[in-house]
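J.: here is a sequence with its predicted model. Questions after.
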Amino acid sequence: MLLLLVGGIAAIVGPLETYCFELFSEGGRFHYEGFGLGSFMFANIAAQIAGYYLIALVFIPLGYGHLRLRRWAPPLALALLWFWTVMGVPLCIAFLFALLSAKPLSPIVSMAVIALTCVAYPAIPALMIRLYGSKAVRAAFERGEEAPHWVERVPVPLLVESLLLAFYVVVLHVLILLNGAFPLFGRWVTGLPGIAIIDLVCLVLLLMVWGVLKQRKWGWWGSLLSFATLTVSWLFTLSTSTWQDVLNALDFPAFERELMQRVPLQGYHLAIPAAAPLLLTLVAILRAKGSIYAERTGSAQST
C-alpha cells in the first residue's frame, strides 16, 4: 500500500511540477533572462519531473505486484534495492542540492529533510534486503502465483545491472538539455555533435540492457567494455578540466553563469563525486559475471 501511495503521489505531482516552467518563463515571477532550453534551471525542473514519472512507473506496478503476491515482485524489489545501494548517495546529494538551492526552507525543515534523506539511504535498503531474503517472504509469494514469471528467471545481479544501465540512459538525456555537453577523453563535445554522441551511447546501453536481460554473454561483455570506456572518458575529462572549461561547455545564460563562476570548484572536484556511482556500477557489472556464466538452475533469485 505504501508503494502504491508513493507512486500515486508521484504520478500526481509530476504533471503539476510542469507549472514551474511557467513560473520561470517570461512573465513568471521567477523569470530571468536566458531561462529556457540550455539553462541550468530548465534542466533541473525537467530532471525533477522525469524523476516523479520514474517513481510512479516503478512504484505503482511494484505495489500491485506485492498486493497480488506476484512472484516477479521480490526479485524486482531486490534489484531496485541494490540499485539504490549503488546510486543512493549521488541521488540523495542531487535531491538535496536541487531542493535547497531552488526552494527557501526554514532551518528546521532543512534539517528534517536531510535527516530523512540520510535514513532513506543506509537504513531502508539494508532492512528491506534482509526482509526479501527471508524464507517466509519467498514462501508467501510462491503461494500467491503458480506460473513462474520471466523476471524471476533473471538472476538479481543481472536485473541490477540492467536497471543501472537504463538509469544512465535517462541521465544522458539530461545532458541533451545542457548544450549536449559530453565529456569525451579530455575534451567537451557540445551542440549537435555532443547530442549525436549521447544518442549513440544511449543506443549502445539499451542494446546491452536487452542482451543482459536475455542472459547473453555478449551483452555482459559489451556492457563491461562500453561502460568502462564511458567511465574513463568522463573521469579523465572532468579531472583535466577547469571549472571555466565546464562552464564554457555547458554555456549557461549570463545570470546563471555569473552565479556559477562564484562557486570555488575545479573539474577534479566534480570527478570525485562522479567516480563513486561510475565505479560502483562497474563493480555491479563485474559482480553479475557469475550469473551470466552460471548454469540456469532456476535459482535466479540468488544474490
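T.: All right, it came through fine. Owing to the predicted nature of the structure, the values given are computational and were not obtained by experimental measurement. Numbers count the residues shown, from 1 in each chain.
J.: which residues of the stretch 101-250 of the chain fall in strands?
T.: 182-184, 187-189 (DSSP state E, counting those that start in this stretch).
J.: what is the least confident helix or strand in this protein?
T.: In the chain, no helix or strand scores lower on mean pLDDT, DSSP states H and E than helix 107-120, which sits at a mean of 71.
J.: for that helix, packing partners?
T.: Judged by 3 or more Cβ pairs under 8 Å, 6 or more residues apart in numbering; DSSP states H and E, the packing partners of helix 107-120 are helix 73-102. Placement of C-beta: from N, CA and C, glycine included.
J.: model confidence over the helix it packs on, on average?
T.: Mean pLDDT, helix 73-102: 76.
J.: go on, stretch 154-173?
T.: 93.
J.: who touches it?
T.: 50, 54, 75-76, 78-80, 82-83, 86-87, 151, 198, 201-202, 205-206, 208-209, 212-213, 215, 220, 223, 227, 230, 281, 284-285, 287-288, 290-292, 294, 300-303 (Cβ atoms under 8 Å, 6 or more residues apart in numbering).
J.: hang on, the earlier thing: among the strands of the stretch 101-250 of the chain, show me which one is buried the most.
T.: When the strands of the stretch 101-250 of the chain are scored by mean count of other Cβ atoms under 10 Å, the highest mean neighbour count falls to strand 182-184 (a mean of 23).
J.: other residues contacting it?
T.: 175, 188-190, 194, 197-198, 201, 233-234, 236-238, 241.
J.: quick one: which of those residues sit in helices?
T.: If you go by DSSP state H, the contacts of strand 182-184 have 175, 194, 197-198, 201, 233-234, 236-238 in helices.
J.: okay, now the unreliable bits of the stretch 201-303 of the chain?
T.: 295-303 (pLDDT under 70).
J.: can you map out the helices along it?
T.: 217-239, 243-250, 254-261, 267-287, 289-293 (DSSP state H, counting those that start in this stretch).
J.: which of the residues in the fourth one are buried?
T.: Within helix 267-287, the residues that qualify as buried by neighbour count (16 or more other Cβ atoms under 10 Å) are 267, 270-271, 274, 277-278, 280-282, 284-285.
J.: just the shortest one next, same as before
T.: Buried residues in helix 289-293, defined by neighbour count with 16+ other Cβ under 10 Å: 289, 291-292.
J.: from residue 32, how far out is the residue nearest to residue 230 when sequence neighbours are not counted?
T.: Leaving aside its sequence neighbours, residue 230 sits nearest to residue 201 (Cβ to Cβ, 6 or more residues apart in numbering; 6.7 Å). For residue 201, the distance to residue 32 equals 32 Å [Cβ to Cβ, to the nearest Å].
J.: right, and residue 22 touches residue 31 too?
T.: No. Here residue 22 does not reach residue 31: they are 9.5 Å apart, not a contact under Cβ atoms under 8 Å.
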